[in-house]
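# Next come a sequence and a model predicted from it.
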Amino acid sequence: MEADEILSKINGQRKAALEEGPGPELGTSSLLEGMHFSFKGDGEFAPAQLEYSFSEDLRLTLIENGTTYEDVPFNALDLGENLILLSHLIPGTSRGWHIAADLESFQATVFETWFGITVPVGGTLSGERPPTHHREIPREVQRHYHFGYLDSGQEPPTGRHHCTNRIEGRGLHWESNGGRRWLSYFPSVACSLSVLLDEPEDTIMLSYPSDFIRISERYYIYAKWGVEFGGEMQLHILDFFDMEGIGLNFGFDVNDEFLYRFYRVSLSHTGDAAHLEKINFAGDPETPMALLRSRGKGARYAYRPRDIDVPMNRAEVEEAVKKRSIFEPGGSEIMMGANSLPHNYDLVDWPFSLRYDVVQTPYPWSEGNIPAKLIKHYEYNFTGKETLKWREAGGTWHEEKYVCFNPAKDIYFFSHMLSGDPDYACAAQAIDISTGLATCVYARIGSWRSEWEASATCLFGTAQGEGFAAPPFSRRHGFTQDMLGQSYAWNYSETSSSIHVYGAPYSYSWTIFQQDNSGGASWSSPGFFIKLREDAYMLQWVEETCNGSQGLAVFNPRIMQDSGFFYGVTRHGGLSLNFFGAQARKLGAFDVKKYFK
């Protein structure tokens, strides 16, 4: 959408609608009747003049920096205890002001909003590679929030709202008065995760840059901002005594429909994941916002992976794969192998075969990921510590580099490329000699939605060879929800660690630690979980709309360690298959299985 279309859609709805549904009816708060105040904000970007006068019949006269606006459309909800959320636009513009205030103490946080941003494309976050160009995103809401107070002639309050980590780690179930339901997870002080429970995408988490602001130990402001998949904001005041809140949804959704509505929410606590910064720090007025790369107006954390790993067409993929890193020293560009298990060589000179009789796509929406030709019978001969030979039963032998791990007793997990495959596929095999069961994750470049992102097909079957147990007739490895709701911290090396939240049946999120051990940058992707045994779970994710690569590991919850493989192709890094591993720390769990069918 262009700027004029955005303004046209906004002019069609100048006032926040009050959500209707099975819950309580909403009405504009009467607390503002007859009130007169001006906002006094702190900081260099605070408005010079922002004055409000409400008549007894709730008509608003606004003065903004010398310009007077009469009968301004607005809406406001109150949460009780004199807390109010007020929202309005500046007539004739797409700019807006959204005020969260305590009408007893008069402390306030004001969100100033506008639309549109220019973002760099093709560079790296570190700046090592400069951008190739820039693009305009007219539809995305931008914001700057101001701490201050409402001045109605009283003595100024001494305190201020401020940023906090007190919500970090929490999990919530939300239900609006209109009947909409969603889950939220807070592994970060700069981002949050949400799962919609009433839409077809309800198996996927999305990550949002977020603001967390403390009003008091009881009340908090939480706002999230759509970047890659939307552009709208959600702004809330939450009451953790009565587990309720009020909220505002504002901006354009993924279908370019303008949303501007107020709602009430009831909250349920689903659990907590530990956060690991010093226990005596909870945020204060002097602590800056997290993950800022600039101090300019509207500065906020925003991860735009499609502007870093720019999507490729098939011709560009063919060019990129000319550069390859297959188990090269240094490991993956994304993960690191310092904390992986030792490479295992037990399979050297131990021939065996793998037969697969169950083929499944891991995601309900991705039947198109299953390739037309799929190898279901492999024969192996491990000729050395770094090389193996494989063939489709009765076919031609191929030699490949491989890495093998022994993640649990009697389980071997190895991966290699499949030479000659037109989609540059690789196979990762997990075999259990104690049961005779085997699982293969066949990954290739290209998916149902992309010509360059990795996609996976899962094969379940049996292993045959000397020393292997006779496999059961009907039982196979399979997908599991055992991990649903769990949260772990993962340490890959001295310089790389993250937090995982397995917050939906087919989704995965990771959050990068900041230097003070608080959660920082977050991202989410599709992912699946396979149960090999009680002491071995296979975890997979594909960083869709990100770098397009697949991570695949076997996690042993007894030794609290995983090891696995990272596979994919990027425009600058080429084709890669490398190993990684991490040591785990259990952070907690969320009781969310009951929300998924």
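Nice, I can see it.
# Let me see the mean pLDDT of the top strand by length along the chain.
Determined from DSSP state E, the single longest strand within the chain is strand 133-151. Averaged across strand 133-151, the pLDDT comes to 94.
# So in that sheet, which strands flank that strand, and in what orientation?
strand 36-41 (antiparallel), strand 107-121 (antiparallel) (DSSP bridges).
# now the ones you listed in CSV, with distance to residue 297?
Using the backbone N, CA and C atoms, a C-beta is placed for each residue, glycine as well. As requested, these are exported to CSV (distance: least, Cβ to Cβ, whole Å):
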stretch, distance to residue 297
strand 36-41, 12
strand 107-121, 9
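# Which among those strands is found nearest to residue 71?
Evaluated with Cβ to Cβ, the strands paired with strand 133-151 place strand 36-41 nearest to residue 71, the distance being 15.9 Å.
# Quickly find the element holding residue 9.
Assigned by DSSP states H and E, residue 9 falls within helix 3-11.
# Heading C-terminal from that helix, find the next helix or strand.
Once helix 3-11 ends, the next helix or strand along the chain (criterion: DSSP H and E) is strand 17-18.
# So what touches that next one?
25, 26, 27, 28, 75, 260, 261, 262, 263 (Cβ atoms under 8 Å, 6 or more residues apart in numbering).
# how does it look with 7 Å?
26, 27, 75, 260, 261, 262 (Cβ atoms under 7 Å, 6 or more residues apart in numbering).
# Could you confirm the first one falls within a strand?
It stands for residue 26. No - going by DSSP: H, G, I helix; E, B strand; the rest coil, the assignment for residue 26 is coil, not a strand.
# Going along the chain, name the strands of the stretch 351-500 of the chain.
With DSSP state E, counting those that start in this stretch as the criterion, the stretch 351-500 of the chain has strands at 352-360, 377-381, 387-392, 398-401, 403-408, 411-417, 426-432, 437-447, 450-464, 478-479, 486-493, 496-504.
# For residue 67, find the nearest of the ones you listed.
Closest among the strands of the stretch 351-500 of the chain, using Cβ to Cβ: strand 496-504, at 45.7 Å.
# Quick check: can you list the domain ranges of this structure?
Domain assignment for the chain by automatic domain parsing gives 3-275, 314-595.
# does residue 193 count as helix, strand or coil?
strand.
# and it, how many neighbours?
Using other Cβ atoms under 10 Å, residue 193 has 26 neighbouring residues.
# now swap in residue 397 and tell me
Neighbours of residue 397 using other Cβ under 10 Å come to 10.
# these two touch, right, it and residue 388?
No - in this structure residue 397 lies outside contact range of residue 388 using Cβ atoms under 7 Å: 10.0 Å.
# Just the CA coordinates for stretch 338-356, please, in PDB.
What follows is stretch 338-356 as a C-alpha-only set of coordinates in PDB (Å, rounded to 0.1, in the frame of the first residue of the first chain):
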ATOM      1  CA  ALA A 338      32.100 -26.400  20.500                       C
ATOM      2  CA  ASN A 339      29.600 -28.100  22.800                       C
ATOM      3  CA  SER A 340      28.600 -30.900  20.500                       C
ATOM      4  CA  LEU A 341      29.200 -34.500  21.600                       C
ATOM      5  CA  PRO A 342      32.400 -36.100  20.300                       C
ATOM      6  CA  HIS A 343      32.200 -37.500  16.800                       C
ATOM      7  CA  ASN A 344      31.500 -41.200  17.000                       C
ATOM      8  CA  TYR A 345      33.200 -43.900  14.900                       C
ATOM      9  CA  ASP A 346      31.500 -47.000  16.100                       C
ATOM     10  CA  LEU A 347      29.900 -47.500  12.700                       C
ATOM     11  CA  VAL A 348      33.200 -47.900  10.800                       C
ATOM     12  CA  ASP A 349      33.300 -51.300   9.100                       C
ATOM     13  CA  TRP A 350      29.800 -52.100  10.300                       C
ATOM     14  CA  PRO A 351      27.500 -52.500   7.200                       C
ATOM     15  CA  PHE A 352      23.800 -52.300   7.600                       C
ATOM     16  CA  SER A 353      20.600 -51.300   5.700                       C
ATOM     17  CA  LEU A 354      17.700 -49.100   6.500                       C
ATOM     18  CA  ARG A 355      14.100 -49.800   5.200                       C
ATOM     19  CA  TYR A 356      11.400 -47.200   5.600                       C
END
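# Buried residues in it, which are they?
Within stretch 338-356, the residues scored as buried using 16 or more other Cβ atoms under 10 Å are 338-341, 343-344, 347, 350, 352-356.
# Ok, stretch 169-179 next?
So, applying 16+ other Cβ under 10 Å, buried residues of stretch 169-179: 169, 170, 171, 172, 173, 174, 175, 176, 177, 178.
# In the stretch 51-200 of the chain, what residue spans correspond to strands?
60-64, 67-69, 74-80, 83-89, 96-102, 107-121, 133-151, 162-163, 170-176, 181-185, 191-196.
# Rebuild those as TSV, extending it with distance to residue 380.
Listed next are those as TSV, based on distance: least, Cβ to Cβ, whole Å:
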stretch	distance to residue 380
strand 60-64	72
strand 67-69	75
strand 74-80	64
strand 83-89	63
strand 96-102	62
strand 107-121	44
strand 133-151	48
strand 162-163	55
strand 170-176	43
strand 181-185	41
strand 191-196	40
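# on that earlier part again, include mean pLDDT and distance to residue 192 when you put the strands of the stretch 351-500 of the chain into CSV, please.
CSV is the format used below for these (pLDDT from 0 to 100; distance: least, Cβ to Cβ, whole Å):
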stretch, mean pLDDT, distance to residue 192
strand 352-360, 96, 32
strand 377-381, 98, 43
strand 387-392, 97, 44
strand 398-401, 98, 41
strand 403-408, 98, 32
strand 411-417, 98, 33
strand 426-432, 98, 32
strand 437-447, 96, 27
strand 450-464, 95, 25
strand 478-479, 96, 27
strand 486-493, 95, 14
strand 496-504, 95, 11
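# To residue 305, which of these lies closest?
Using Cβ to Cβ, the strands of the stretch 351-500 of the chain put strand 450-464 closest to residue 305, at 11.3 Å.
# mind listing what that closest one pairs with, with the direction of each?
Within its sheet, strand 450-464 is paired with strand 352-360 (antiparallel), strand 437-447 (antiparallel), according to DSSP bridges.
# Deepest-packed of those strands, please.
Most buried of the strands paired with strand 450-464, by mean neighbour count (mean count of other Cβ atoms under 10 Å): strand 437-447, with a mean of 25.
# send the alpha carbons of it over as CSV?
Extracted in CSV, the C-alpha atoms of strand 437-447 (Å, rounded to 0.1, in the frame of the first residue of the first chain):
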residue,chain,number,x,y,z
LEU,A,437,14.0,-48.8,14.7
ALA,A,438,15.2,-46.0,12.4
THR,A,439,14.1,-42.5,11.4
CYS,A,440,15.3,-40.5,8.4
VAL,A,441,14.8,-36.8,7.9
TYR,A,442,15.2,-36.2,4.2
ALA,A,443,15.9,-32.5,3.6
ARG,A,444,16.2,-30.7,0.3
ILE,A,445,16.4,-27.2,-1.1
GLY,A,446,13.0,-25.9,-2.0
SER,A,447,9.6,-26.3,-0.3
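# what comes into contact with it?
Applying Cβ under 7 Å, 6+ apart, the set of residues contacting strand 437-447 is 317, 354, 356, 369, 371, 374, 421, 423-431, 452-463, 471, 476-477, 530, 532, 538, 540, 550, 552, 567, 569.
# just checking, residue 554 touches residue 565?
No - applying Cβ under 7 Å as the test, residue 554 and residue 565 come out as separate, 10.0 Å apart.
# List just the one of the strands paired with strand 450-464 that sits closest to residue 281.
strand 437-447 (41.5 Å).
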